[in-house]
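Student: pasted the sequence and its predicted model underneath.
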Amino acid sequence: MTFHDELGNFLKEGLGRDWNNREALADLLLFQSVKTEPGKRTTLAQYLEAMPEDQKEIFYLTGEQRSAMEHAPSLEIYRERGWDVLLLTEPIDEFVIPGLPDYKGKPLKAADRTVPEQSPEEKARLEAASQGFTPLFETLKSRIQEVKEVRLSSRMKESPACLVPDEGAMGASLERLLRKMGRSTEEPSKRILELNPEHPLVKTLQGLHEQNAGDEKVENLGRLLYEEALIAEGSRLEDPSAFIRRINALVNP
């Protein structure tokens with residue numbers, strides 16, 4: 001553990017520079033994960049050994065603090081299936097781990113960019129539900145300019161909403177890191193707002209929209225879900241006082 005604490009970043013740098021020894025270097029890396037106790041770490045080999053038969057990929061999530069990451073809405077489907085997710089909290093992880101496409105034949109995938117394979121029944125159920133939500137999606141997209149798209153998702157089991165990066169776009173964690181380093185000159189990328197169709201708040205939002213699409217409660221509740229998802233991913237609210245006013249308005253109509 002002490003060896004890795006002192007030299008771990010150099011080993012990770014080697015992943016991108018020493019291609020011939022990439023897997024040997026990967027063998028030496030230690031990671032926190034959803035299933036490791038705080039302060040403990042696991043190797044990729046140990047991760048593979050513990051993988052259930054129905055899991056075909058190695059999943060990871062990047063961020064700043066384990067305490068926030070392990071409860072991310074995007075990880076709820078993995079917890080339900082009993083799958084582990086590596087929690088990458090070192091700044092260097094943002095740059096080198098995406099350059100490790102696989103380990104011993106198992107692809108590495110960002111958990112917030114991937115939805116585990118669904119059964120045909122689950123796919124059909126989500127597609128059918130999405131058709132009924134289409135008018136609401138269009139309303140929210142027109143009123144919440146910060147999002148690129150609104151859609152339903154099966155990845156959440158407890159939370160009402162989450163934000164995920166568009167394919168090929170920079171993730172929120174990397175954007176925050178670049179801003180801290182003074183290397184970001186662009187506006188934050190617009191992410192996709194995913195809604196959990198089984199959550200009571202989302203059902204309430206859908207009902208309000210069906211009754212009156214122009215009701216300001218639709219925008220208020222929709223934006224509240226977006227802001228909750230923003231907090232859950234570790235990003236800051238532009239206007240915390242407005243967030244509080246929206247909560248108060250919905251709690252005390």
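Tutor: Sure, I can see it.
Student: could you list the domains of this protein?
Tutor: For the chain, automatic domain parsing gives the domain ranges 2-113, 120-251.
Student: mean pLDDT and mean neighbour count added to those domains, as CSV?
Tutor: Any C-beta I mention is one placed from the backbone N, CA and C, and that applies to glycine too. Below are the domains of the chain laid out as CSV (pLDDT from 0 to 100; neighbours: other C-beta atoms under 10 Å):
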stretch, mean pLDDT, mean neighbour count
domain 2-113, 86, 16
domain 120-251, 87, 16
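Student: which element is the closest residue to Gly82 other than its chain neighbours on?
Tutor: In space, Gly82 comes closest to Pro52 once its chain neighbours are excluded; the distance is 6.3 Å by C-beta to C-beta, 6 or more residues apart in numbering. Secondary structure from DSSP states H and E places Pro52 outside every helix and strand.
Student: with Ile192 instead?
Tutor: Going by DSSP H and E, Ile192 is in strand 191-195.
Student: please report how far the residue nearest to Gly82 lies from Arg191.
Tutor: Distance, Pro52 to Arg191, by C-beta to C-beta, to the nearest Å: 30 Å.
Student: cool, and Asn212?
Tutor: 28 Å.
Student: what do you get for Glu57?
Tutor: On the measure of C-beta to C-beta, Glu57 and Arg191 end up 22 Å apart.
Student: for Glu80, same thing?
Tutor: For Glu80 relative to Arg191 (C-beta to C-beta), the value is 23 Å.
Student: and Ile58, by the same measure?
Tutor: In terms of C-beta to C-beta, Ile58 sits 23 Å off from Arg191.
Student: for Asp215, same thing?
Tutor: 26 Å.
Student: quick one: contacts for Gly234?
Tutor: Counting by C-beta atoms under 8 Å, 6 or more residues apart in numbering, Gly234 makes contact with 63-65, 68-69, 172-173, 176.
Student: possible to save these as TSV with secondary structure and distance to Pro101?
Tutor: What follows is the contacts of Gly234, written out as TSV (DSSP: H, G, I helix; E, B strand; the rest coil; distance: C-beta to C-beta, whole Å):
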residue	secondary structure	distance to Pro101
Gly63	coil	21
Glu64	coil	24
Gln65	coil	27
Ala68	helix	27
Met69	helix	22
Ala172	helix	22
Ser173	helix	19
Arg176	helix	24
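Student: for my notes, confirm Val115 occurs in a helix.
Tutor: No - Val115 is assigned coil when assessed by DSSP: H, G, I helix; E, B strand; the rest coil, not a helix.
Student: correct me if wrong: it contacts Ile77.
Tutor: Yes - at 7.1 Å, Val115 counts as touching Ile77 under the criterion of C-beta atoms under 8 Å.
Student: any shared contact partners between these two?
Tutor: With C-beta under 8 Å, 6+ apart, Val115 and Ile77 have common neighbours 154-155.
Student: circling back to that earlier point, now do the strand holding Ile192: distance to the chain's middle.
Tutor: From the chain centre to the centre of strand 191-195 is a distance of 10 Å (C-alpha atoms, centre = their mean, to the nearest Å).
Student: element containing Glu80?
Tutor: helix 76-81.
Student: got the contact list for that helix?
Tutor: 34, 52, 54-55, 59, 84-85, 111, 115-116, 154-159.
Student: the stretch 51-200 of the chain: strands as residue ranges?
Tutor: Along the stretch 51-200 of the chain, counting by DSSP state E, counting those that start in this stretch, strands occupy 58-62, 86-88, 102-103, 106-110, 147-152, 161-164, 191-195.
Student: on that earlier part again, can you list the strands that the strand holding Ile192 pairs with?
Tutor: Strand 191-195 pairs in its sheet with strand 147-152 (parallel), strand 161-164 (antiparallel), by DSSP bridges.
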